[in-house]
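*Asks:* Sharing a sequence plus its predicted fold:
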Amino acid sequence: MMLYKMNIYGLLVSTLHRASSSRIASAFVAPTLSSRCNTYKRLASTTCHLSASNTNVDESNATTANTTKQNKKKKSSLQSGREKRRKFIGLAKAVDRGMNEWANTYSPGGENGISFEAKSGLPNRDKPFCVLGIESSCDDTGAAIIRSDGTILGESLASQHAIHEEWGGVVPGLAKTAHEENIDKVINEALQKANMEIGDVDAIGVTVGPGLEICLRVGCHRARDLAIEHNKPFVGVHHLEAHILMARIPAERYINKDDISTEDEVLDVSARAMEFPFLALLVSGGHCQILKCLGIGKYYIIGGTLDDSLGEAFDKTARLLGLPVGGGGGPAVEALAKEGDPKSVKLPIPLQKRKDCDFSYAGLKTAVRLAAEKICVERGVEKVDELPHEDKANIAASFQHVAFRHVEIRLGRAMEQVQKEDGIKHLAVVGGVAANKELRRRLDALCSDRSEPWDMLVPPPRLCTDQGAMSAWAAVERLMVGSSDVPEGHDVYARYPFSFSSNNNDEEK
């Protein structure tokens, strides 16, 4: 036993000697066995403390190393993100360029653009069929029943203008709540107007992007539930494609009392107001693009906005002038501009040195603010909304004139390009801003005053803005080419650009 303790003692001293310093170890060499045993006890306690201390040091070092590693990884990720963003400086937004910059892109026809799949089945396309369409991408809740010949059988729209007006713009949380409160109401009302029940519709389509994600989810989830419960084909509708395809509904389908057709006569389901290919100008509150439209799901973007959209510029100008924006800044500025002189305030036309088809409205928006502030100084008022009505009207008219001149220049260049390359001479003007009468007048002149006049088609104003009929009709168009989606687990996408692959393949052909 004595030898055993002495051996342990020697081992501990040796360990301490290696682990720390010779001075600490030698302090424990005792002259007698008794004192060595006492020293052993103290040594054991000291070893535990040293071991715990070393463990804490190791843990601290490990934590520091992990933190350093994480910081390096985060820094590398930030640098990678900056480098990726630098690649797209000066390029149009919301455009897929085949560089894996988007998590989700829209390509219902697959890589070649024509390989459509009926993932949840199809209605009987040998006879007219009816589709329920649901729209909740932003601030209005819409539903409509549309027949495959383009006849709008019933529709309903719950506006949120009064909700958002006091905030000067759309508040996503309030919009979501309003959608939840109105979604069933508008669906039931659309069905009642069509004299139908949910079981009578042949398919269900719903906007799944782009848009406000929390708002999109309200409509998508309701449409998914209905499609699953009633075993109906389901179509996840692309919001921008839905705007574009509204130009293809034959005019006789919706021009009658209240712009809604309720005739029993079924018309040719294959008839379209505009056949592919055609050029489209899409101008709305969130987007501003010029697209060569080649087929369902196949859109080649010729020009897009580098910053703000045309609709966004109208909204911000309306707020600057203190106009009511509950019904949208565009209509408010348009109404005021009628009373003003469009050449009274000097404003720069954007991107004059760039000979492409892209748009930019951030600079014009700033120029309007600076011009308004200058007039404030001249009039001796502190705020723009305190300016006399005449000054506000002149600012509104001047802004609208330059904003539309920018459109004319970029669109005119795109028209020349596609006419030369593809022989296209048909233009569709779609999106919320397409409801502006002055824009329609000027673009009509742009088309008719050419050496070879173009045909221009613009949907009725109420079909330019967001509503259920656009989702229903887009679903009809998808179903007609044999395309549907799986409702279970179908997601929504705040950003959802048209896929580069199918467009690129078509271009290569």
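*Replies:* Great, that's in hand. Numbers count the residues shown, from 1 in each chain.
*Asks:* show me where the stretch 351-500 of the chain has helices.
*Replies:* Under the criterion DSSP state H, counting those that start in this stretch, helices of the stretch 351-500 of the chain are mapped to 362-379, 389-422, 437-448, 461-464, 468-480, 500-508.
*Asks:* can you list these in a markdown table and add mean pLDDT?
*Replies:* Listed next are those as a markdown table, based on pLDDT from 0 to 100:
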| stretch | mean pLDDT |
| --- | --- |
| helix 362-379 | 97 |
| helix 389-422 | 98 |
| helix 437-448 | 97 |
| helix 461-464 | 93 |
| helix 468-480 | 98 |
| helix 500-508 | 52 |
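*Asks:* CSV for these, including distance to E229 and mean neighbour count?
*Replies:* Yep, even glycine has a C-beta here, placed from its N, CA and C like the rest. CSV is the format used below for those (distance: least, C-beta to C-beta, whole Å; neighbours: other C-beta atoms under 10 Å):
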stretch, distance to E229, mean neighbour count
helix 362-379, 46, 16
helix 389-422, 45, 19
helix 437-448, 42, 16
helix 461-464, 29, 19
helix 468-480, 18, 29
helix 500-508, 33, 17
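*Asks:* Can you check which of those gets nearest to R224?
*Replies:* The minimum distance between R224 and these falls on helix 468-480, with 13.6 Å, by C-beta to C-beta.
*Asks:* With just CA atoms, put that closest one into CSV.
*Replies:* The C-alpha coordinates for helix 468-480 follow below in CSV (Å, rounded to 0.1, in the frame of the first residue of the first chain):
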residue,chain,number,x,y,z
GLY,A,468,-60.1,37.4,-60.0
ALA,A,469,-60.8,37.2,-63.8
MET,A,470,-57.1,37.5,-64.6
SER,A,471,-56.2,34.5,-62.4
ALA,A,472,-59.1,32.4,-63.9
TRP,A,473,-58.2,33.2,-67.5
ALA,A,474,-54.5,32.5,-66.9
ALA,A,475,-55.6,29.1,-65.5
VAL,A,476,-57.7,28.5,-68.6
GLU,A,477,-54.7,29.2,-70.9
ARG,A,478,-52.5,26.8,-68.9
LEU,A,479,-55.1,24.1,-68.9
MET,A,480,-55.6,24.4,-72.7
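*Asks:* List the contacts of the spatially closest residue to E408 that is not a sequence neighbour.
*Replies:* Closest residue to E408 apart from its sequence neighbours, by C-beta to C-beta, 6 or more residues apart in numbering: L446 at 5.7 Å. L446 makes contacts with E408, L411, G412, M415, as judged by C-beta atoms under 8 Å, 6 or more residues apart in numbering.
*Asks:* ok, D422 to V481 distance?
*Replies:* According to C-beta to C-beta, to the nearest Å, D422 stands 21 Å off from V481.
*Asks:* same deal with C376?
*Replies:* According to C-beta to C-beta, C376 and V481 sit 56 Å apart.
*Asks:* What of A203?
*Replies:* Computed as C-beta to C-beta, the A203 to V481 distance reads 13 Å.
*Asks:* Same check on K119?
*Replies:* K119 sits at a distance of 13 Å from V481 (criterion: C-beta to C-beta).
*Asks:* same check, this time on F359
*Replies:* 31 Å.
*Asks:* More neighbours: which of those two?
*Replies:* Taking neighbours as other C-beta atoms under 10 Å, F359 and V481 compare with F359 leading, 29 against 16.
*Asks:* surely that one meets I349?
*Replies:* No. In this structure F359 lies outside contact range of I349 using C-beta atoms under 8 Å: 11.3 Å.
*Asks:* Check the contact lists of the two and give me the overlap.
*Replies:* H406.
*Asks:* which residue sits closest to V206 in space, ignoring its chain neighbours?
*Replies:* Nearest non-adjacent residue to V206, counting by C-beta to C-beta, 6+ apart: A223, 3.5 Å away.
*Asks:* and the one you found, that's in a strand?
*Replies:* No. Counting by DSSP: H, G, I helix; E, B strand; the rest coil, one finds A223 to be helix, located in no strand.
*Asks:* Surely it is in contact with G205?
*Replies:* Yes. Contact criterion C-beta under 8 Å: A223 and G205 qualify, at 7.4 Å.
*Asks:* Name the residues contacting each of those two.
*Replies:* Here A223 and G205 have L132, I134, F234 as joint contacts, going by C-beta under 8 Å, 6+ apart.
*Asks:* Please read off the pLDDT at R97 from the model.
*Replies:* With respect to pLDDT, R97 scores 83.
*Asks:* Just read off the phi/psi values of it.
*Replies:* Dihedral angles of R97 (phi, psi; degrees, to the nearest 10) stand at phi -110, psi 20.
*Asks:* D455: neighbour count?
*Replies:* Other residues near D455 number 13, with proximity taken as other C-beta under 10 Å.
*Asks:* That one and A428 touch, don't they?
*Replies:* No. With contact defined as C-beta under 8 Å, D455 does not reach A428; the gap is 9.6 Å.
*Asks:* Could you report the separation of the residue nearest to E408 from D466?
*Replies:* Taking C-beta to C-beta, one finds L446 at 26 Å from D466.
*Asks:* before we move on, what about K292?
*Replies:* 24 Å.
*Asks:* give the contact list for A92.
*Replies:* Shown in contact with A92 (C-beta under 8 Å, 6+ apart): Q289, I301, G303, G304, T305, L306, D358, F359.
*Asks:* in a strand, that's where A175 is, yeah?
*Replies:* No. Applying three-state DSSP, one finds A175 to be helix, outside a strand.
*Asks:* That one: how many residues sit nearby?
*Replies:* 23.
*Asks:* again with the one 3 residues further on
*Replies:* Residues within reach of A178, counting by other C-beta under 10 Å, total 23.
*Asks:* what's the closest non-adjacent residue to it?
*Replies:* Q160 (5.0 Å).
*Asks:* ok, that neighbour - contacts?
*Replies:* Here Q160 is in contact with D139, D140, T141, V170, L174, A175, A178 (criterion: C-beta under 8 Å, 6+ apart).
*Asks:* just checking, which of those residues belong to helices?
*Replies:* Counting by DSSP state H, the contacts of Q160 place L174, A175, A178 in helices.
*Asks:* Going by distance to L364, which of those residues wins?
*Replies:* Distances from L364 to the ones in helices among the contacts of Q160, taken by C-beta to C-beta, are shortest for A175, at 27.4 Å.
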